[in-house]
Structures are given as C-alpha cells and as structure tokens.
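In: Sequence and predicted model, in that order:
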Amino acid sequence: MQTQPPKYVSPPGTWKTKLGLRAASIVFLIVLSGLAGSLAADSRLDGATLLIVILGPAAVVTFIWDIAESICIWKRGGHRGIHPGAVVAIDLLAWLGWGLIDLLVIPYSIILTSDYYVANHWSDDGYGYDEPEADPEYEAVLRDVHGKGRAIASFAVLTTWVSMLLDSLRA
C-alpha cells in the first residue's frame with residue numbers, strides 16, 4: 001500500500017522561518033524567566049516576586065506551546081505544524097496576552113528599579129540603613145537591579161513581537 005503525500009506541504013522558507021521564530025521565542029522566555037527569577041531570589045528586595053507571578057504562567061504556557069509546535073513542524077510530513085486554526089488562535093491569544101503583560105511589566109520594572117524603591121526596600125540585615133548610598137554593596141545591588149529590570153522589559157517586548165510575527169505566519 002502506498003503512502004499518500006501530505007495534503008499540505010509547507011514551503012521551506014515558511015517552515016524554517018516558523019522554527020527560527022519559535023526558537024527565538026524559547027530563548028527569550030528562558031532569559032526572561034532567569035532574569036525575573038534572579039531578582040525574585042534576592043531576599044533583600046521586597047516585591048520582586050511579583051514579577052514571577054506576572055510572568056510565570058504566561059512564560060510556561062508560551063514555552064510549552066512553542067516546543068509543541070516546533071516538534072510538529074519538524075516531525076510531521078510536509079513540515080506541517082499543529083492545525084492552522086489552533087495555531088492562529090493560540091498565537092493570537094499569546095501575543096495579546098504578552099501585550100497585556102508588557103503593560104504591567106514595563107511600569108513595574110521601572111518602579112522596581114528606581115533608586116527610591118531600592119533604597120527603601122533593600123537592607124543587608126533586614127532593618128535597613130539610614131544612608132544606603134554610602135554602602136558599596138548597595139551600589140552594586142542598585143546597578144544589578146537597574147540592568148535586570150531593563151532587560152526584563154526588553155525581553156518581554158521581544159517576546160510580544162515574536163508572538164505577533166508568528167501569528168501573522170498563517171501558511
């Protein structure tokens with residue numbers, strides 16, 4: 001018995017682009033989770049765990065979806081992914097969800113990384129300092145928090161853009 005060719009064969013440029021964007025999304029999600037986790041793990045910073053609450057569920061769902069779609073594109077005949085209707089629906093929900101997360105994470109990361117917030121919520125011994133600016137460890141933590149906060153906002157926006165691009169690739 002002969003095997004029937006797949007009903008739809010994805011052009012090489014299309015499926016390679018989809019795989020590349022899925023891989024980029026996976027990398028962005030790993031970096032985003034690592035940055036948010038490193039801020040939340042610092043016991044000297046209050047409120048950084050809210051980043052995990054905001055980013056965690058969306059990052060896990062998007063990561064699983066990207067892995068599943070990548071495996072389907074790679075392994076199925078004709079490099080077809082999951083059913084196109086499901087891909088459009090879930091990618092649309094993903095980029096709309098990430099857009100909403102951007103609206104939450106960007107202001108929060110600005111507030112979290114402000115000098116005022118770090119000065120009032122950071123302490124080495126749990127009691128705080130009268131003048132934290134005089135402490136070199138405080139300055140190091142402040143630079144670390146500034147960099148991670150900006151990177152979190154940037155990777156959240158990049159994840160939104162990749163999700164939006166993937167939603168636009170309907171073939």
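Out: Looks like it came in fine. Numbers count the residues shown, from 1 in each chain.
In: Which elements pack onto the longest helix along the chain?
Out: Taking DSSP state H as the criterion, the chain has its longest helix at helix 136-168. With contacts defined as 3 or more Cβ pairs under 8 Å, 6 or more residues apart in numbering; DSSP states H and E, the secondary structure elements packing on helix 136-168 are helix 12-41, helix 49-75, helix 84-112, helix 115-121. Using the backbone N, CA and C atoms, a C-beta is placed for each residue, glycine as well.
In: Let's have these in CSV, adding mean neighbour count and distance to V145.
Out: Compiled in CSV, the helices and strands packed on helix 136-168 are given as follows (neighbours: other Cβ atoms under 10 Å; distance: least, Cβ to Cβ, whole Å):
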stretch, mean neighbour count, distance to V145
helix 12-41, 18, 7
helix 49-75, 17, 11
helix 84-112, 17, 7
helix 115-121, 14, 6
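In: okay if I get those helices as CSV plus mean pLDDT and distance to H146?
Out: What follows is the helices and strands packed on helix 136-168, written out as CSV (pLDDT from 0 to 100; distance: least, Cβ to Cβ, whole Å):
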stretch, mean pLDDT, distance to H146
helix 12-41, 92, 11
helix 49-75, 91, 15
helix 84-112, 87, 10
helix 115-121, 65, 9
